[in-house]
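K.L.:
Fold the stuff below for me.
(2 chains)
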There are 2 protein chains.
Amino acid sequence: MPRDGTATRTRILDAAEHLVIENGYAATSVDQVLSRSGSSKGAFFHHFSSKQQLARALVDRYVEGDLAQLEGSLEATAHLTDPAERAVAIVRHFEDLGDEIMAAQSNCLYVAVLTERQLVDDGTSDEIVRAVETWRVRIAEVLKEALAATGAHDVDADALADHLFVTFEGAYLLCRSTGDSRHMRTQLATFRRLLQSLLGPTT
Amino acid sequence: MPRDGTATRTRILDAAEHLVIENGYAATSVDQVLSRSGSSKGAFFHHFSSKQQLARALVDRYVEGDLAQLEGSLEATAHLTDPAERAVAIVRHFEDLGDEIMAAQSNCLYVAVLTERQLVDDGTSDEIVRAVETWRVRIAEVLKEALAATGAHDVDADALADHLFVTFEGAYLLCRSTGDSRHMRTQLATFRRLLQSLLGPTT
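P.N.:
Take a look at the predicted model:
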């Protein structure tokens, strides 16, 4: 693909991502995407065969970024040998990014996509399921060790790992409903504090 | 209002609530609502001046049901004199309702409404803000006493109360993405277990 083509594709995806996150998928028209990205209909259909195919490309790119954030948090805490300390540090890593995350966007693309049954049924949301499962597996690896070390044998590591995804998505909705983006940081801090109680005073 | 009129209005609202929760607001047309509810256009516009006014009525009714659930949980636990025990019992009350909640609907109306910027900007979501704030105030009343009694003075009762809303909304998204409705119960149980760690072994 020539360099200009890639730049146009990225510009279209950026515009579409903003519009879908802000206004919803069904409420976003191809014409709005063209207008915001300054692209022609010809350029659009050169890159995407339909609005539905654009949605799929949007989700693929977003999931890639999301999983890069996950790996970033694991790398940033890889030096911590105590698993409980590392589990708490992973949540704190996102807590510190909370304001930055909300400055970039007012909602999660996942929320917009999952709201539309059509996008769930036609497989557009399949990559979201892969993201959810990757978060669960990667975070649960750390949590399993931490829970074993602290003796909290009644807690399911997978469900506790899912609670990080749940906190993110729920906090997006809380920010969106109240118009106050500081809730993202506060809710991640709340989960971190609860995790510290569970994993013991050393964290 | 004659009895028949009320029944028609309820039937239209039931159909619209199902369609908006399943498919999204923008993806739901008035014609679909008419078809599902078996109503005429004339009956629809007798009760609602527009699709937007229908959305407002939907939100109002949903918030009323939501706040009734909240008060139900407070009444069901009013006999518990220990505030920490009562706080945990409130979450367990919803945990026990988790499967029932997900049997009735696959997502939260709040998610569908908040996804559409138009509905946020035109004030349709204002009642959702009132619901969020009522949950916060009512749950924080119990949590404040519980936190004071357990000495966890670094935890903000409002943020911890908001975490119940966050758990509900995030769990809806988790259920929707994975297609597994059991996550609602599991995530409420995870929050309950974390709360027990925070509030001490007596709970």
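
K.L.:
residue boundaries of the helices in chain A?
P.N.:
Taking DSSP state H as the criterion, chain A contains helices spanning A:3-23, A:30-37, A:41-47, A:51-76, A:83-104, A:109-115, A:117-121, A:126-150, A:157-178, A:183-199.

K.L.:
Out of those, which is closest to B:Thr178?
P.N.:
helix A:126-150 (6.0 Å; C-beta to C-beta). Where C-beta positions appear, they are placed from N, C-alpha and C, glycine not excepted.

K.L.:
Give me the helices and strands touching the closest one, please.
P.N.:
Contacts defined by 3 or more C-beta pairs under 8 Å, 6 or more residues apart in numbering or on different chains; DSSP states H and E place helix A:126-150 against helix A:51-76, helix A:83-104, helix A:109-115, helix A:157-178, helix A:183-199, helix B:157-178.

K.L.:
Check the burial of A:Ala68 by counting its neighbours.
P.N.:
A count of neighbours around A:Ala68, defined by other C-beta atoms under 10 Å in any protein chain shown, yields 10.

K.L.:
So which residue of chain A lies furthest out from the middle?
P.N.:
Most distant residue from the mean C-alpha position of chain A: A:Gly42, 31.3 Å away (C-alpha atoms, centre = their mean).

K.L.:
Could you measure from the closest residue to A:Ala43 other than its chain neighbours over to B:Gln105?
P.N.:
In this structure, A:Ala43 finds its nearest non-sequential neighbour in A:Thr8, 5.3 Å apart by C-beta to C-beta, 6 or more residues apart in numbering or on different chains. A:Thr8 sits 41 Å away from B:Gln105, going by C-beta to C-beta, to the nearest Å.

K.L.:
Settle it for me: which of those two has more neighbours?
P.N.:
Shown here are A:Thr8 and B:Gln105; by other C-beta under 10 Å, A:Thr8 has more neighbours (20 against 14).

K.L.:
so that one sits right up against A:Ser39, yeah?
P.N.:
Yes - between A:Thr8 and A:Ser39 there is a contact under C-beta atoms under 8 Å: 6.1 Å.

K.L.:
Find the residue closest to the most centrally placed residue in chain A in space, skipping its chain neighbours.
P.N.:
Central residue of chain A (C-alpha atoms, centre = their mean): A:Asp66, 4.8 Å from the mean position. In this structure, A:Asp66 finds its nearest non-sequential neighbour in A:Ala131, 5.3 Å apart by C-beta to C-beta, 6+ apart.

K.L.:
Quick check: buried residues in stretch A:181-193?
P.N.:
Under the neighbour-count criterion of 16 or more other C-beta atoms under 10 Å in any protein chain shown, stretch A:181-193 has A:Ser181, A:His183, A:Met184, A:Arg185, A:Thr186, A:Gln187, A:Leu188, A:Ala189, A:Thr190, A:Phe191, A:Arg192, A:Arg193 buried.

K.L.:
likewise stretch A:99-115?
P.N.:
Buried residues in stretch A:99-115, counted by 16+ other C-beta under 10 Å: A:Ile101, A:Met102, A:Ser106, A:Asn107, A:Cys108, A:Leu109, A:Tyr110, A:Val111, A:Ala112, A:Val113, A:Leu114, A:Thr115.

K.L.:
so which of the buried residues of stretch A:181-193 comes closest to B:His93?
P.N.:
Distances from B:His93 to these, taken by C-beta to C-beta, are shortest for A:Thr190, at 20.4 Å.

K.L.:
Isn't the closest one up against B:Ala159?
P.N.:
Yes - at 4.8 Å, A:Thr190 counts as touching B:Ala159 under the criterion of C-beta under 8 Å.

K.L.:
Show me which residues of stretch A:62-76 are buried.
P.N.:
Quick answer for stretch A:62-76 (16+ other C-beta under 10 Å): A:Tyr62, A:Val63, A:Asp66, A:Leu67, A:Leu70, A:Ser73, A:Leu74.
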